[in-house]
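# what would the 3D arrangement of this be:
(one chain, ligands or ions: 1)
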Amino acid sequence: MKLEDIKKIGVVGAGTMGNGIAQVCAMAGYQVVMRDVTMELAQKGLNTISKNLDRLVKKEKLTPEGKEEILGRIQLTEKLDDLADVDFAIEAVTENVEIKEEVFKTLDSLCRPEVILASNTSSISITKIATFTNRPDKVIGMHFMNPVPVMKLIEVIEGLQTSRETSELVVALSEKLGKVPVVIKDSPGFVSNRVLMPMINEAIFALYEGVGSPEAIDTIMKLGANHPMGPLALADLIGLDTTLYILQVMYDSFGDPKYRPCPLLVKMVDAGYLGRKAGKGFYDYTK
Ligand code: NAD
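Prediction:
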């Protein structure tokens, strides 16, 4: 398969990441079929895309006709069968191994043998996901950053079985999407989360030990390290459940106590204080 052979891209999952991925694919001129488990969820994803495009129209970076063309390239479905004729598939479903296993097994049985199956997972081993298919050389990590339409990076993760051809094609496709791909090997947390999560965890420990308030800790990292956002505000944005999950994966996989999730993080997740999406995390978002 060559880059020119890719005309239609399947996106599985229409949530935070899935709808962003569908948007950048459609903006790059690809036909997209976006699947979620119900039509309502798929439609919700498309509504988010429409709102994002409205912002571009307002800023005169896109014409109203351009917006309609982009939306016209996105087909919605609740049936995975509708991805049978795609030339490339990107999975962005809930971060859960069992769900991903089912999706990859089904995609493997539906899609032509030469079709690459990419996963946007934040923490699950690409090498493991590849074993759910009969094409492990064509399974790869394509880790987009949130928010997808804005963030330039795609962390391209080669599993143990991923072929050089697969990796090269994903690099070419990522560039076609206007992104900057960086290729790395499969390893717990990849690079982005392996470096980011211990910093966030350390900030939570500092709060836990009463070293400083959330505002103090975040301001120090914003002004002192030139981070656009402090680590606690960033954890709230990512979701504290997701943050805990990724730390736990690294802690379990490496067996190294340096990845031990802070007890305060565990307690906040137990309480349902999951960050922005719950209205409360290290900060209050209800007002
Ligand atoms: P989300 O909860 O916003 O969206 C997940 C969507 O997948 C939901 O709409 C859900 O209904 C749908 N889904 C569940 N099972 C499905 C199935 N079998 N078929 C189709 N759709 C299904 O989650 P998200 O934040 O978009 O995360 C998706 C993936 O992206 C995860 O693997 C996550 O680790 C990864 N990721 C997330 C971020 C982030 O900042 N949120 C960043 C990078 C990568």
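# contacts and neighbour counts: CA atoms only from here.
Noted.
# share the number of residues neighbouring residue 48, please.
17 (other CA atoms under 10 Å).
# ignore the last one, residue 107
Using other CA under 10 Å, the number of residues around residue 107 comes to 23.
# can you tell me how far the residue nearest to residue 219 when sequence neighbours are not counted is from residue 222?
Spatial nearest neighbour of residue 219, chain neighbours left out: residue 230 (6.4 Å); criterion: CA to CA, 6 or more residues apart in numbering. Residue 230 sits 5 Å away from residue 222, going by CA to CA, to the nearest Å.
# which one of the two is surrounded by more residues?
residue 230 (22 against 15).
# that one and residue 53: what is the separation?
For residue 230 relative to residue 53 (CA to CA), the value is 28 Å.
# also residue 92?
Residue 92 is 21 Å from residue 53, by CA to CA.
# out of these two, name the residue with the larger neighbour count.
residue 92 (27 against 23).
# following the longest helix along the chain, which helix or strand comes up?
Longest helix in the chain, counting residues (DSSP state H): helix 39-58. Later in the chain than helix 39-58, the nearest helix or strand by DSSP states H and E is helix 64-72.
# tell me the buried residues in that next one?
67, 70-71 (16 or more other CA atoms under 10 Å).
# up against the ligand, what does the stretch 101-250 of the chain have?
103, 120-122, 143-146, 238 (CA under 6 Å from any ligand atom).
# need the residues you listed in JSON lines with pLDDT, can you?
Shown next, in JSON lines, are these (pLDDT from 0 to 100):
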{"residue": "103", "pLDDT": "98"}
{"residue": "120", "pLDDT": "98"}
{"residue": "121", "pLDDT": "96"}
{"residue": "122", "pLDDT": "92"}
{"residue": "143", "pLDDT": "98"}
{"residue": "144", "pLDDT": "98"}
{"residue": "145", "pLDDT": "95"}
{"residue": "146", "pLDDT": "89"}
{"residue": "238", "pLDDT": "91"}
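# any chance of those residues in TSV with secondary structure and neighbour count as columns?
Listed next are those as TSV, based on DSSP: H, G, I helix; E, B strand; the rest coil; neighbours: other CA atoms under 10 Å:
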residue	secondary structure	neighbour count
103	helix	16
120	coil	25
121	coil	22
122	coil	23
143	strand	24
144	strand	26
145	coil	19
146	coil	16
238	helix	16
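# ok, how many other residues are close to residue 169?
Counted with other CA under 10 Å, residue 169 comes out at 15.
# just residue 33 next, same as before
23.
# and it, which of the three is it?
strand (DSSP: H, G, I helix; E, B strand; the rest coil).
# ok, it touching residue 78?
No - applying CA atoms under 8 Å, one finds residue 33 not in contact with residue 78, separated by 10.1 Å.
# overlap in contacts, the two.
Residues touching both residue 33 and residue 78 by CA atoms under 8 Å, 6 or more residues apart in numbering: none at all.
# any chance of the residues of the stretch 101-250 of the chain next to the ligand in CSV, with distance to residue 42 too?
Below are those laid out as CSV (distance: CA to CA, whole Å):
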residue, distance to residue 42
103, 16
120, 18
121, 19
122, 21
143, 21
144, 19
145, 20
146, 19
238, 21
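# show me what contacts residue 25?
Here residue 25 is in contact with 9, 31-32, 177 (CA under 8 Å, 6+ apart).
# again, only this time at 10 Å
8-11, 19, 31-32, 70, 73-74, 149, 173-174, 176-178 (CA atoms under 10 Å, 6 or more residues apart in numbering).
# just the element for residue 170, please.
helix 164-176.
# fine by me, we can end here.
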